[in-house]
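Undergrad: only geometry, no sequence info:
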């Protein structure tokens, strides 16, 4: 379902004009007036009248000043590009002759919180979008060079570049300037004024603003008060530091689980924030932005708007996303059912071989949906990498299907789709940047927005989930079963898998599929599940310390399980590092989990293999679970992570 975008999208990280008609802007800011449109890193974006003699600094002050008092970086004049004004222009009167004739008068303010590489990508994206619309015809002669610049900037932003690319950018910029007869060229001026920042991206694989998600690690910032809360919360002991002094993260051991972020009382730890990139993508013409939403998000986000923990507000989230301008609102839970089809088939295959006496079959089978524990086993248990299920996580399965199958049906190339995942989990940001989940430089998930980040976007945009009418999630990739939704709580993944695997193995329908023996709040649980002649021993754990204990017992032969579920976060995804923080933490997490159980119980279909839209994907594209086609699209490999 498509939606009209807002005129202006504002957030605590800045503002962008959305599909604000160029004709409308031209009327408002015609050559006879002193009206300008101003946006970017300012507190009060919009249309303003500039007094005669006003300096750039005074104009910024009239627009409410810089967001977060973050320091001025540059002001871009006009789209198409009319040049940058930098710090030495702050005290000078704004020269209206700098605006190109025949275009709207707008200023975009950049602060020190802006990544110049991401800004350049946004500008080129916007330019290409306008050209697709049939506007800016004079740029058509340089289309090839403009697209090449975008590809080079994309490489730089993903840490896959070298210094020769700056030389190529210069050559392309010069060619465009000559072909289009430009007075100012954005790449020429960016290279001239911000060379060191580009060089840092290339040589150090570092984005100091944390806006290039492929270059971002969990970072403890200078806000740290040295209280040690993060150190105590870290399940892999990767945080070091003295009391009352700034702490640091050992990246050889970090699994990106984000529990340190949950524990930090002063918000001193960041995993990067893709909010502003999201808003810019929503504002870019001819860009198809799609979202997927994880199960645990819908029972937690409402807390910020006064709902009880566990309240299902998925249709309000859907309405809010459409109001922002998201074209298609989908649901990761649909892909959780797809994941179960593959994991349950894998479980069934291994169990049948084991029961037939095959001594070589690898048991237990480990669920593979949590990226933090996947990284944990890659770093610490290299000898056990053939044990986890090879099925991708639901987030990655969804994104693969969306870009490679759904997009093709809608006549969209991969690079025309911006795939955004709304997740309860910090480690999903890391997972989205793993190169095996990409085709070349085009990643299946372009970036991740956490529950907390979406709350802030809604609040800044004036979207109150209390006062918004429900809108259903798009059903093409949105229909889900009860089995899919319980993925969000501890024990849910293995319960969903056994619902399908047990019925497929026995050939009998199980009337009571709430496997209570698999449910509970203990962080280490050994369960005996008896269904007919089957007697399965299943291990469930959350928290990586407990996961390590379980894996050590399996490795030594002290314990045997047929299947295991491991989640890094407390109580599973409901306690993810990107979820809203809660004072009565365990009570709140249990309410969120019970909210998912309630959704499961209320649904008419509760087994993944009965999801008709999932079965349709197999009929049309994949044949059957574990087929060659399914392996090519829906499965992955694991890699030994050597400690440096």
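TA: All right, it came through fine. None of the values given here were measured: they were computed from a predicted structure.
Undergrad: only C-alpha atoms from now on, for both contacts and neighbour counts.
TA: Noted.
Undergrad: show me where the stretch 251-400 of the chain has its strands.
TA: Assigned by DSSP state E, counting those that start in this stretch, the strands in the stretch 251-400 of the chain fall at 269-270, 288-293, 328-329, 365-366.
Undergrad: so which of the ones you listed is nearest residue 602?
TA: strand 288-293 (19.5 Å; CA to CA).
Undergrad: what average pLDDT does that closest one get?
TA: When pLDDT is averaged over strand 288-293, the result is 96.
Undergrad: in its sheet, what does that strand sit against?
TA: Using DSSP bridges, strand 288-293 pairs in its sheet with strand 328-329 (parallel), strand 417-423 (parallel).
Undergrad: need the ones you listed in a markdown table with mean neighbour count, distance to residue 254 and mean pLDDT, can you?
TA: Listed next are the strands paired with strand 288-293 as a markdown table, based on neighbours: other CA atoms under 10 Å; distance: least, CA to CA, whole Å; pLDDT from 0 to 100:
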| stretch | mean neighbour count | distance to residue 254 | mean pLDDT |
| --- | --- | --- | --- |
| strand 328-329 | 24 | 32 | 96 |
| strand 417-423 | 24 | 19 | 97 |
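Undergrad: just give me the residue closest to the centre of the protein.
TA: For the chain, the residue nearest the mean C-alpha position is residue 448 (0.6 Å; CA atoms, centre = their mean).
Undergrad: please report how far it lies from residue 250.
TA: 23 Å (CA to CA, to the nearest Å).
Undergrad: quick one on the thing from earlier: among the strands of the stretch 251-400 of the chain, which comes closest to residue 629?
TA: Among the strands of the stretch 251-400 of the chain, strand 365-366 comes nearest to residue 629, with 21.7 Å by CA to CA.
Undergrad: helices and strands around that closest one, which ones?
TA: If you count contacts as 3 or more CA pairs under 8 Å, 6 or more residues apart in numbering; DSSP states H and E, strand 365-366 packs onto strand 563-567.
Undergrad: now do the strand it packs on, average pLDDT.
TA: On average, strand 563-567 scores 92.
Undergrad: repeat for stretch 596-614
TA: Averaged over stretch 596-614, pLDDT sits at 93.
Undergrad: what sits up against it?
TA: 295-296, 299, 310, 312, 334, 337-338, 340-341, 476-477, 479-486, 488-489, 496, 499-500, 615 (CA atoms under 8 Å, 6 or more residues apart in numbering).
Undergrad: okay, how far is it across it, tip to tip?
TA: Using CA to CA, one end of stretch 596-614 lies 21 Å from the other.
Undergrad: circling back: among the strands paired with strand 288-293, which is nearest residue 266?
TA: Closest among the strands paired with strand 288-293, once you apply CA to CA, is strand 417-423, at 22.3 Å.
Undergrad: for residue 210, helix, strand, or coil?
TA: Look at residue 210: counting by DSSP: H, G, I helix; E, B strand; the rest coil, its state is coil.
Undergrad: how about it: what's its closest non-neighbour residue?
TA: Using CA to CA, 6 or more residues apart in numbering and skipping the chain neighbours, the partner closest in space to residue 210 is residue 272 (4.8 Å).
Undergrad: dump the residue contacts of that neighbour.
TA: Applying CA under 8 Å, 6+ apart, the residues contacting residue 272 are 210, 211, 213, 216, 217, 218.
Undergrad: widest-spaced pair of these?
TA: Largest pairwise distance in those, by CA to CA, is 12.6 Å, between 211 and 218.
Undergrad: quick check: buried residues in the lengthiest helix in the chain?
TA: Looking across the chain with DSSP state H, the single longest helix is helix 332-355. By neighbour count with 16 or more other CA atoms under 10 Å, helix 332-355 contains the buried residues 332-348, 350-351, 354.
Undergrad: helices or strands next to that helix in the packing?
TA: strand 288-293, helix 394-401, helix 482-485, helix 492-506, helix 612-617.
Undergrad: residue 441 is nearest to which of the ones you listed?
TA: Proximity to residue 441 (CA to CA) singles out helix 394-401 among these, at 14.1 Å.
Undergrad: residues in contact with that closest one?
TA: Here helix 394-401 has contacts from 292, 294, 332-336, 338-339, 369, 419, 421, 432, 437, 444-445, 633-634, using CA under 8 Å, 6+ apart.
Undergrad: tilt between that helix and strand 417-423?
TA: 170 degrees (axes from the mean of the first three to the mean of the last three CA atoms, to 10 degrees).
Undergrad: tilt between helix 394-401 and helix 332-355?
TA: Relative orientation of helix 394-401 versus helix 332-355 (the same axes, to 10 degrees): 110 degrees.
Undergrad: average pLDDT for helix 394-401, rounded please.
TA: Mean predicted lDDT for helix 394-401 stands at 96.
Undergrad: pull out the buried positions in stretch 180-187.
TA: In stretch 180-187, counting by 16+ other CA under 10 Å, buried: 184, 185, 186, 187.
Undergrad: where in this structure is the helix or strand with the lowest mean pLDDT?
TA: Every helix and strand in the chain was compared by mean pLDDT, DSSP states H and E; the lowest is helix 22-28, with a mean of 56.
Undergrad: name the residues of the very next helix or strand once past that helix that are buried.
TA: Using DSSP states H and E, the helix or strand that follows helix 22-28 in sequence is strand 35-40. Under the neighbour-count criterion of 16+ other CA under 10 Å, strand 35-40 has 35, 36, 37, 38, 39, 40 buried.
Undergrad: name the SS class of residue 107, please.
TA: strand.
Undergrad: and the closest residue in space to residue 528 that isn't next to it in sequence, its phi and psi?
TA: Of all residues not flanking residue 528 in the chain, residue 537 sits nearest, at 4.7 Å (CA to CA, 6+ apart). Main-chain torsions, residue 537, degrees, to the nearest 10: phi -110, psi 120.
Undergrad: from residue 513, how far off is residue 537?
TA: Distance from residue 537 to residue 513, by CA to CA: 17 Å.
Undergrad: what's the answer for residue 438, then?
TA: 36 Å.
Undergrad: same thing with residue 477?
TA: Taking CA to CA, one finds residue 477 at 25 Å from residue 513.
Undergrad: higher neighbour count, the two?
TA: residue 477 (22 against 16; other CA atoms under 10 Å).
Undergrad: now that one: closest residue in space, sequence neighbours ignored.
TA: Nearest to residue 477 is residue 330, by CA to CA, 6+ apart, at 5.7 Å.
Undergrad: what's the burial count for that neighbour?
TA: Residue 330, neighbours per other CA under 10 Å, totals 26.
Undergrad: where along the stretch 501-644 of the chain do the helices fall?
TA: 544-556, 585-602, 612-617, 628-634 (DSSP state H, counting those that start in this stretch).
Undergrad: so which of those helices is the most surrounded?
TA: helix 585-602 (a mean of 20; mean count of other CA atoms under 10 Å).
Undergrad: helices of the stretch 351-500 of the chain, residue ranges please.
TA: All helices of the stretch 351-500 of the chain, identified by DSSP H, counting those that start in this stretch, fall at 371-380, 394-401, 407-409, 427-432, 451-460, 482-485, 492-506.
Undergrad: to residue 582, which of those helices lies closest?
TA: helix 451-460 (11.8 Å).
Undergrad: in CSV, list the strands of the stretch 251-400 of the chain along with distance to residue 504.
TA: Compiled in CSV, the strands of the stretch 251-400 of the chain are given as follows (distance: least, CA to CA, whole Å):
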stretch, distance to residue 504
strand 269-270, 44
strand 288-293, 29
strand 328-329, 32
strand 365-366, 17
